[in-house]
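Student: Make a model of this:
(2 chains)
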Amino acid sequence: MTETCPRWLRLLVVATAGTVLLVACAPTAGPPTTSPKAGGKLTVASWQEQDSLLACNITSAASHACAYINPTMEGLLTVKANQDPLPTNPKLSDYWVPELATEVPTLENGDVKVNGNKMDVTWKLRHGVKWHDGVAFSSKDVKATFDFWWLKYRDKNPTPLISTSGWDQVDSVDTPDDFTAIVHFKSVYAAYLTLGTGPYGVLPEHLLQQVWAQTGDITHDKVTVSIANGYSGSDTLDKIMVGTGPFMFKEWVTGDHLTLVRNPHWWGGGGRPYLNEIRIKFDADANTELNELRTNTIDMALDLRPSLLPSLSRQSDVTTVTILDSATEHLDINLHNTFLKDVTLRKAILMAIDRQRIVDTLLLGRTVVPPDAWMCIQTGAWCLDPNAKHTPYDVAAANKLLNDAGYKLQTSGPCKGFRTDPQGRCVQLHLITTTLPLREEQEVVIASDLAGIGIQIIKPFANVPASRMFGSCTSGGIIYSHNFDLAMYTNNYSYPAEPDSLAYTAYHSSQIPTDANGCVGQNTTYMSDPQLDQALDQARLSVKLSDRKDKYIVAQRRLADVIPEIPLYQAVDVEAYNKKLAGYKGNEFWWMNQSADWYISQ
Amino acid sequence: MTTYAVRRILQAIPLLLVISFVLFAILQVLPEKPWDLLLRNPRMTAADRARLLAYYGFNQPFLTQYLTYMRNLLHFDLGFSYFSHQTTVSLIAERLPNTALLMGTAYIFTLLVAIPIGIVAAVKQYSKLDNFLTTGAFIGISLPQFWFGLMLIILLSVLPYQHLGFRLFPTDGMWDSGHEGNLAHLNLGDPLNLAWHLVLPGIVLAVQSIAQYSRFVRSSMLDVLSQDYIRTARAKGLSQLRVVVRHGFRNSLLPLITLMGLDVPQLFAGALITEQVFTWPGMGRLFWESAGKGDYQVLLGIMIILAVLVVVGNLIADLAYGWADPRIQYR
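Tutor: Numbering: from 1, shown residues only, chains lettered A, B, ... in the order given. Modelled structure (predicted):
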């Protein structure tokens, strides 16, 4: 007797074999090669298309815009990649890399000269650099940039500049030759390195002249441009770019993509840039980027959420990079709150939150808990207090502190299970944050930890969209209206290696936003401390680094004592890229910095 | 009919004025202000703030801002984006062709599928086929678009790529790299690549519309098929096809025309969720992004256009009634 295989079973076997064969033949990632290769295209996804190419620090301050503008537009200096080595005791200048300048001007090398309450900064410029339309770069461009920001129009600038702060300290610019520009400041301006540096640091004089011949508003006046192999035509400078960087602007189809092509005449040499083209694809959100990475539709995804780390860790052909920021996810404390004005309670809260657990569980250990005063971390580490205080997690000590201060744990009554303050009031606090999944998970941990020392977090999930959280105080924005007890968010340095803009605006008593001052400032906690004010004032009036560092150390110690914030963890940027890309180095500020070194390894 | 149309257009003017005022006022009273995002900068000084508020006219009283807006509107100027510094008209011109392609394709597909389904379901009322189509329609109506879209992406794009090494369909966008066009510039790019990208968002939009339209057609056809003149037509010995299509379907068109008239603005407004899920650069996404940023001039411009389209769509529907039913007279 012979047994015959049923027809359906045979079909199933054939189909299964076919599927196995298909899977086996599917392309797999091979090991990357090490020597850079020229050629190839790269598709990079950004989930936040900006409406204007000037949104990188000219008409707005958008990280995504800075990322995809960076390969095209250069400044006098740029910043080092996060993993590039620093000397043992880094100076501020060690964080910068000359780009269109040939050296970082400092007091030590004589390029910065202080004369009484004025100062001069000499910029020595790179030879042989050309703008993408073929015009030679010179000191005229540096002068024109300072004219554009301040000297030509002062506070009547026709362009809606995001801020003229710092530029308004400039008196004049001299150009003794084509490769030297001397900037004369009317006061000592410690943050002088932030002017003219980074993407869009220097603007082309010949195009500014076209704008100035019209209304002077670069968002409105069209310029005519011809870039060989790139864009040719007429449009406003917020729709096109003419830079000196390794990649040239070709086209921008809004809502879809932006194309940059190789600049064969880039000053960097060494056959760089290696890639022929970078295409920026604009996506709706980070989840779309993740799907595109999974299907090899894109090669790199910018600014993925830390909450996507578990999903990314399962992608074998994707490299995930977490870059530590100079910013900290923290709890702002409203110092005018009935309970929180007591520093003992603030200290107990600092000790009672298991911040390392948040790092280990919610962020997969990809970041660290910062010092109690975090204003000088990462690129600001040149001013970090060598004895910076790190308060450990210690519930027993927190409970003892509260017991000793008269906060009583109630076993009955309306406050049962929680503490009352020395006046007998239940200690109840609101915690508010934005509606991001990771933040809401953090909220659960914090509410639970604070319950452990008898502090009740009420309405822990009444969270708001970012627009409501960060709205101006005139329109009732939560943090700038001081309408919170504890508010969880991250705020960043606005420029690398320069703590002034963050520290001064966040902690100086003159920077408390109110209706009366037009809501200027970011001192949302009502921090007001004369000693701290004095240190911050003095730090911004000196260019001598050792002096500045001393003042910032004083400021850090005051902040660690006063505790206007609870730092949770050092913020992280998450970038992910296909393993065929090589030469990538993470950079917390400008995510596509050093794109000239990128190459396709397979 | 011309007099009727002109009278309807004239009647629409005060209506649109009221709508414009209400929309303008609503955007003004929202707690999030358009300048919040512009002013969220640690380097902002009081002088910077005053300069920016004056630049955008935010320092003017409400009524002055409204009258300026209306004066510009008379010149077909719908304002300009606070963020892109482009006119609302040019922003819409960039996005509208993309939306028209997506919505138009889905709409034509909807009509081609839904009308026969509705007719068959009505003619075969309470049959197994009718029950099957009715169940399918309710499933289609009930499917949340964001969920359905994500499922299609995972099932037809991500999983095939991860297990078989190729994408059945793309995850999102309008073209792959190297195949791009620009519909606003009448450049289709690679039409096949564009069509490939159109499939998944088109399905998401069409499934729900087919479900809704087929139910309308079925219901309307059932009303008509029970009429005396249908019985008379059958008694005259006309074929079933002729009875259903010529006498039944044409007379069942009135509710469908109303629905189509109301859907005219939809063709231009785009699909907010579907465009977002599939990163389709259309009007829905423009609206969503503008709302997120507080770019109120763009929002206002889009809403004013939609208000006009609602009026126009209704007018077209009213005029079409006369074609579908000769008994209707315009006075």
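
Student: Mind checking which residue lies nearest the centre of chain B?
Tutor: The centroid of chain B falls nearest to residue B:266 when counting by Cα atoms, centre = their mean (1.9 Å).

Student: In contact with that one, which residues?
Tutor: Remark: with contacts taken as Cβ atoms under 8 Å, 6 or more residues apart in numbering or on different chains, residue B:266 is in contact with residue B:103. Any C-beta I mention is one placed from the backbone N, CA and C, and that applies to glycine too.

Student: And residue A:66, by the same measure?
Tutor: With contact taken as Cβ under 8 Å, 6+ apart, residue A:66 is in contact with A:56-57, A:198-199, A:589-591.

Student: with the residues you listed in mind, which one is nearest to residue B:318?
Tutor: For residue B:318, the closest of those turns out to be residue A:56, at 51.3 Å, with distances computed as Cβ to Cβ.

Student: What pLDDT is listed against the closest residue to chain A within the stretch 201-331 of chain B?
Tutor: Ranking the residues of the stretch 201-331 of chain B by distance to chain A (Cβ to the nearest Cβ) places residue B:281 first, at 2.6 Å. The predicted local confidence for residue B:281 comes out at a pLDDT of 91.

Student: ok, now residue B:288?
Tutor: At residue B:288, the model reports a pLDDT of 88.

Student: Which of the three states applies to it?
Tutor: Remark: residue B:288 carries the secondary structure label helix [criterion: DSSP: H, G, I helix; E, B strand; the rest coil].

Student: beta partners for residue A:121?
Tutor: Listed beta-bridge partners, residue A:121: residue A:112, residue A:183 (assigned using DSSP bridges).

Student: residues in contact with it?
Tutor: Residues in contact with residue A:121 (Cβ under 8 Å, 6+ apart) are A:105, A:111-112, A:182-183, A:185, A:192.

Student: Tabulate the contacts of residue A:66 in JSON lines, adding columns for distance to chain B.
Tutor: Written out in JSON lines, the entries for these read as follows (distance: Cβ to the nearest Cβ, whole Å):
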{"residue": "A:56", "distance to chain B": "13"}
{"residue": "A:57", "distance to chain B": "9"}
{"residue": "A:198", "distance to chain B": "13"}
{"residue": "A:199", "distance to chain B": "16"}
{"residue": "A:589", "distance to chain B": "14"}
{"residue": "A:590", "distance to chain B": "17"}
{"residue": "A:591", "distance to chain B": "20"}
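
Student: from what I can see residue A:146 touches residue A:201, true?
Tutor: No - between residue A:146 and residue A:201 no contact is recorded; they are 11.2 Å apart, counting by Cβ atoms under 8 Å.

Student: Quick check: neighbours shared by the two?
Tutor: Common neighbours of residue A:146 and residue A:201 (Cβ under 8 Å, 6+ apart) do not exist.

Student: just checking, the residue of the stretch 201-331 of chain B closest to chain A touches residue B:180?
Tutor: No - applying Cβ under 8 Å as the test, residue B:281 and residue B:180 come out as separate, 11.4 Å apart.

Student: More neighbours: which of those two?
Tutor: residue B:281 (28 against 20; other Cβ atoms under 10 Å in any protein chain shown).

Student: Wait, a strand at the more buried one?
Tutor: No - secondary structure assignment (three-state DSSP) places residue B:281 in coil, not in a strand.

Student: can you pull the contacts of the closest residue to it other than its chain neighbours?
Tutor: Counting by Cβ to Cβ, 6 or more residues apart in numbering or on different chains, the nearest residue to residue B:281 once its immediate chain neighbours are dropped is residue A:255, at 2.6 Å. Taking Cβ under 8 Å, 6+ apart as the definition of contact, the neighbours of residue A:255 are A:49, A:282, B:94-95, B:98, B:281-282, B:285-286.

Student: Which pair of the contacts of residue A:121 spans the longest distance?
Tutor: Longest distance between any two of those is 13.1 Å, between A:111 and A:185; criterion Cβ to Cβ.

Student: who's more crowded, the two?
Tutor: Set side by side, residue A:111 and residue A:185 show unequal neighbour counts under other Cβ under 10 Å, the larger going to residue A:185 at 22 against 17.

Student: how far away is that one from residue A:113?
Tutor: With distances defined as Cβ to Cβ, to the nearest Å, the gap from residue A:185 to residue A:113 amounts to 10 Å.

Student: now residue B:152
Tutor: Using Cβ to Cβ, we find residue B:152 at a distance of 65 Å from residue A:113.

Student: got it, and residue B:70?
Tutor: Residue B:70 sits 57 Å away from residue A:113, going by Cβ to Cβ.

Student: ok, now which ones touch the residue of the stretch 201-331 of chain B closest to chain A?
Tutor: Each residue near residue B:281 by Cβ under 8 Å, 6+ apart is listed here: A:253-256, A:282, B:94-95, B:98, B:174, B:275.

Student: where does the stretch 101-250 of chain A have low pLDDT?
Tutor: Counting by pLDDT under 70, the stretch 101-250 of chain A contains no low-confidence residues.

Student: who in it is up against chain B?
Tutor: Those residues of the stretch 101-250 of chain A that sit near chain B, judged by Cβ under 8 Å from any Cβ of the partner chain, are A:155-157, A:160-166, A:219-220, A:236, A:238-239.

Student: Restricted to strands, list those residues.
Tutor: Counted as lying in strands by DSSP state E, out of those, are residue A:236.

Student: Pull out the buried residues from the residues of the stretch 101-250 of chain A next to chain B.
Tutor: Listed as buried from those are A:157, A:160-166, A:219-220, A:236, A:238-239; burial here means 16 or more other Cβ atoms under 10 Å in any protein chain shown.

Student: where's residue A:166 relative to residue A:57, distance?
Tutor: Counting by Cβ to Cβ, the separation of residue A:166 from residue A:57 is 11 Å.

Student: Contact residues of the stretch 101-250 of chain B facing chain A?
Tutor: Taking Cβ under 8 Å from any Cβ as the criterion, the neighbours of chain A within the stretch 101-250 of chain B are B:153-154, B:157-158, B:161-167, B:170-178, B:180, B:182.

Student: Neighbour count says what about those residues? Which are buried?
Tutor: For those, burial is judged from neighbour counts taken by 16+ other Cβ under 10 Å, and it is met by B:153, B:157-158, B:161-162, B:167, B:170-177, B:180, B:182.

Student: In the stretch 151-300 of chain A, which residue sits nearest chain B?
Tutor: Per Cβ to the nearest Cβ, residue A:255 is where the stretch 151-300 of chain A lies closest to chain B, at 2.6 Å.
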